[in-house]
Structures are given as structure tokens and as C-alpha cells.
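**Q** Coordinates only, no sequence provided:
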């Protein structure tokens, strides 16, 4: 892992992985959409609404996955001061937030015909909503400082604190929900998953993951270029004027 | 024709299924486009800066 | 140990000398609780049903608003850097600061809460359990808050930012705090909720000093 901590080596590796990730994402999402919309049967209970599952469930998986990746990257940036880990955490946060938002929106669109209301305080939906706020807090903290390095350090600590708290929050929300169980809900994962439904589900999940890898590489490259620009500008400025005080 | 119509109708749930797919497409495409635009802009700006300042780069 | 008592004494002396801060926090707490009957209607049935939730949420907000007292003035006048450099372990110093925060804000809230329970028509059994749940829960709020307050030092719009960071982390404490009171009002067993609250407090006491100390170090670095 330490081998990839070097930004130059990262750029070389990223350049090689990037087109493959893009191709895999397009391929899986294309095939997944075909299976999801054309070649999978409607559910006998939920009818055609079950097709929402193919965009909803993988988005919810990615929401969790991205948070764990973000926290792991933050931890390694705190422990080993890896610059690439810092970049990875920063690049993952908006992608994870986007998947979390999608899980909420598509869940709501699925809930309306199934439950008759746009929102139910179901344990899972509530946990995902809280996860969304954790992402927003992380992104807001990262951008709250004039010194981007300070923002990265503070956000890294927050991500590690957050990932310790996620299971506790999940546990407490589950507990809270068993007390206030709303009358007879069809759970969103209700129907036993048939293989004709598993194929599009797994394809979409793989496609989302490949898309995430591609997006993370793109965003890390953007971030890397930005820090280099800042370093050059700083050097130019300090070449003509006295260097600003390091805080 | 009828097949297309019934496909678009989604068993009466078109108002839920298509917005879900639409929102997914919109958010993911938007995020990708923004990321690519930002990467290109930054890398171009970096190349210009490096061209301007001939000393060794960062 | 010296580091703990010294810091605690210093913090308490400062709070006493500035005075009034604890009173302001309690006034805020009371005012928020009073707003609920005005907003949700004064029917005693509704109020006693949601009273525990009202009091707990108001306590969360009051604890959150007072969080900037933990380090802000020390950060501004530079004494925070001295605390980081001092031989006493920073984890202990941070723990003492959280303890002082609880003594000056959490404790007054607990003292004021039975009166608010009466205003909201809570039964005596519920008020008793609420006192215990607040006693177990508010120190955990101070401990978790000590992390977030250090993270936002020097940030733009730190006051608003801290609410975004802190409130999601407060959710488990809120759920079990209110759950204990609700169980008592329904004449069910409330021991498990209180025990979970106690576990959360122990967990926060064990882990948050490390995180808060790391957060303070990166703030003054």
C-alpha cells in the first residue's frame, strides 16, 4: 500500500486504470440497464416498481462503501501522512454523498407506490438520511478553512470519528424503529430475490463501483493539479514579496 | 407501437420508475461532467503555469 | 492527575469569573422548551406524550450552543498552544475541559429540567427517570462536543458548522435518553435504555479524549 503513496507513481497507475474503469462502468451499466428494464420480470407483488430496486439498492450499497473507503483513507492519511490517501478521501466524499442522495430519492420514489407516502421513518431510510448528513458535515468542514491542509486534517479526524459512530447510530436507529414500528410495511427488499433479478442488480452494483473508481481517479487528478498550482503560485508570490507567516 | 407504449407506461407506475432512473442518470452524469471539466481546467492551468515558469517544477 | 485537577480548577475559576454564561444556557434551554407548547398546542395529553423528547432536544441544542466556550477563548489568546506544549498529556487536559463544560452547562440543565417536566405535564415517575437519563447523557454530549469544537477552531462560520458536525453524533444519546423516559411513562422496564446510555457514556469517555486531543493538535499546528 505504501508503494502507492507516492503521487508520481499514483499518476502513472491512475492513467493506466482510468480507461479500463470507464469501459467497465459503461459496459456494466449498459448491460445492467438492459436487464433491469427489458429482460427481468415484474415482481408479482410490486409490479413494475420493482425496477426501481436496480438503481436504488446499489446506490445504498455505494453510500456505505464510499463512507468506509473515505474513513480508511482518512485513517491512513492521519497515521502515515500519505498525500494520496488525503486526495482519495477528499475525492470520495462528494461521490459518496451523491450516491446517498440517490438512495434517498429513489427510495422515496419507490416508497410512494408501495407505502402510499413519500417518506416513512423506517430504520433503513432514517440511517441513510443520517449518513447523508455525516457526508455533508465532512464536506463542509473540509471547505471551511482558508488553509486546505488544515481542512484535510480536520476532516480526516471527523471521518474516523464518524465511522466509529456509524454502527452505534445504526444500532440506536434500529432499536428506536422496533419501538415505533409503523403499521405493516412491505420492506423494500421484501421479495425473495430471484436470479433474474440478481443479474441486473449485480451488474448495476459493479457498474456503480467502476464508475466510482473512475470518478475518484478524475477527482484525485484534479485535486493533485490544484495543489501543484497552489505551490507554484505560492513560490512565485514568495519570490517577489516576503513569505507569508506560516500559521 | 403498443409494445413501446406499454413499456413506457410501466404497468401504471411510470410516474415513479422513470423519475428514479432519470434522477440517477442526472446526478451521476452531472457529477461526472463536473469532475472531468474541473480536472481538464486544472491540468491545463498547471501546464500553462509550468510553461511560464521555467525553473524546476513542484 | 495533577493536569486534570489543575485544568478543571482553572476552567471553573474562569467560568465563575465571567459568570452569567451558565445562566444564559439555562435560559435558552427553558425558552426553547416553552416554545413547544406555543407551537404544538397546549393540550396536556400531547405535551406529556412528547415532553421527554422536547426536553432532550432542547438540552442537545443548549449543549451544542455552549460548545464554543470549550476552546474558543483559549484559541484566540494563544493559551491553547501553551496547553498543547505543557507537560500534562493533552488527552487529560481535554478531558478536564469537557468535565468543566459539563459542570457549568450540563449540570444546570439537569437542575432546571424537573421544573420543565412539570410545565409539560410529565408524571413524577417520568421526571425521575429523565433526571437519571440526563445525568448519564449530558456528560457524553460534552465529551463528543469536545471533539467537534476543536475541529472547527478557526473555521469560517464555525458556529453553524459545529451544529452540522455534532447533531448527527448526538442521535444515539437522544434516542436512548428519550426511550428511557417513554418506557417509564408506559410503565415498562427502563433499565436497558439507561444501561445503554451508561455504555455510551463510558465509550465516549474512553475514546473522545484521544480524538479531541488530535483535533486540538491539528488546530494549533
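**A** It's in. If you're wondering where the values come from, they're calculated on a predicted model, not measured in any experiment.
**Q** C-alpha only now, for contacts and for neighbours.
**A** Noted.
**Q** Let's verify the closest residue to chain A within chain B: helix, strand, or coil?
**A** In chain B, the residue that lies nearest chain A is residue B:39 (4.1 Å; C-alpha to the nearest C-alpha). Here residue B:39 is recorded as helix under DSSP: H, G, I helix; E, B strand; the rest coil.
**Q** Touching, it and residue A:219? I think so.
**A** Yes. The pair residue B:39 / residue A:219 is scored as a contact, 6.7 Å apart, by C-alpha atoms under 8 Å.
**Q** secondary structure element for the residue nearest to residue B:28 when sequence neighbours are not counted?
**A** Leaving aside its chain neighbours, residue B:28 sits nearest to residue A:98 (7.6 Å; criterion: C-alpha to C-alpha, 6 or more residues apart in numbering or on different chains). For residue A:98, the enclosing helix or strand under DSSP states H and E is helix A:83-115.
**Q** The residue nearest the centre of chain A and residue A:105, how far apart?
**A** For chain A, the residue sitting closest to the mean C-alpha position, by C-alpha atoms, centre = their mean, is residue A:96 at 1.8 Å. Residue A:96 sits at a distance of 14 Å from residue A:105 (criterion: C-alpha to C-alpha, to the nearest Å).
**Q** do the same with residue C:161
**A** 25 Å.
**Q** picking that back up, list the helices and strands the helix holding residue A:98 packs on?
**A** helix A:7-37, helix A:53-80, helix A:123-142, helix A:148-179, helix A:195-240, helix B:14-52 (3 or more C-alpha pairs under 8 Å, 6 or more residues apart in numbering or on different chains; DSSP states H and E).
**Q** The second one relative to helix A:123-142, how many degrees between them?
**A** Taking axes from the mean of the first three to the mean of the last three C-alpha atoms, to 10 degrees, helix A:53-80 and helix A:123-142 form an angle of 40 degrees between their directions.
**Q** now check helix A:53-80, is it near chain B?
**A** Yes. In terms of C-alpha under 8 Å from any C-alpha of the partner chain, part of helix A:53-80 sits within range of chain B, namely residue A:55.
**Q** now swap in the fifth one and tell me
**A** Yes. Remark: helix A:195-240 sits within contact range of chain B at A:215, A:218, A:219, A:221, A:222, A:223, A:225, A:226, A:228, A:229, A:231, A:232, by C-alpha under 8 Å from any C-alpha.
**Q** Would you format those as a markdown table with neighbour count and pLDDT included?
**A** Output for those, formatted as a markdown table (neighbours: other C-alpha atoms under 10 Å in any protein chain shown; pLDDT from 0 to 100):
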| residue | neighbour count | pLDDT |
| --- | --- | --- |
| A:215 | 25 | 95 |
| A:218 | 23 | 94 |
| A:219 | 25 | 94 |
| A:221 | 26 | 92 |
| A:222 | 22 | 93 |
| A:223 | 20 | 91 |
| A:225 | 21 | 90 |
| A:226 | 19 | 89 |
| A:228 | 18 | 89 |
| A:229 | 21 | 90 |
| A:231 | 14 | 87 |
| A:232 | 18 | 88 |
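**Q** nearest to chain C, of the residues you listed?
**A** Among those, and counting by C-alpha to the nearest C-alpha, the member closest to chain C is residue A:231, at 19.5 Å.
**Q** what about residue 27, neighbour count?
**A** No chain specified, so I'll use chain A. 17 (other C-alpha atoms under 10 Å in any protein chain shown).
**Q** My question was about chain C, not that one.
**A** 15.
**Q** cool, and residue C:91?
**A** 21.
**Q** what sits against it?
**A** C:209, C:210, C:212, C:213 (C-alpha atoms under 8 Å, 6 or more residues apart in numbering or on different chains).
**Q** that older thread, reformat the helices and strands packed on helix A:83-115 as JSON lines; add distance to residue C:192.
**A** Shown next, in JSON lines, are the helices and strands packed on helix A:83-115 (distance: least, C-alpha to C-alpha, whole Å):
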{"stretch": "helix A:7-37", "distance to residue C:192": "45"}
{"stretch": "helix A:53-80", "distance to residue C:192": "29"}
{"stretch": "helix A:123-142", "distance to residue C:192": "20"}
{"stretch": "helix A:148-179", "distance to residue C:192": "11"}
{"stretch": "helix A:195-240", "distance to residue C:192": "39"}
{"stretch": "helix B:14-52", "distance to residue C:192": "41"}
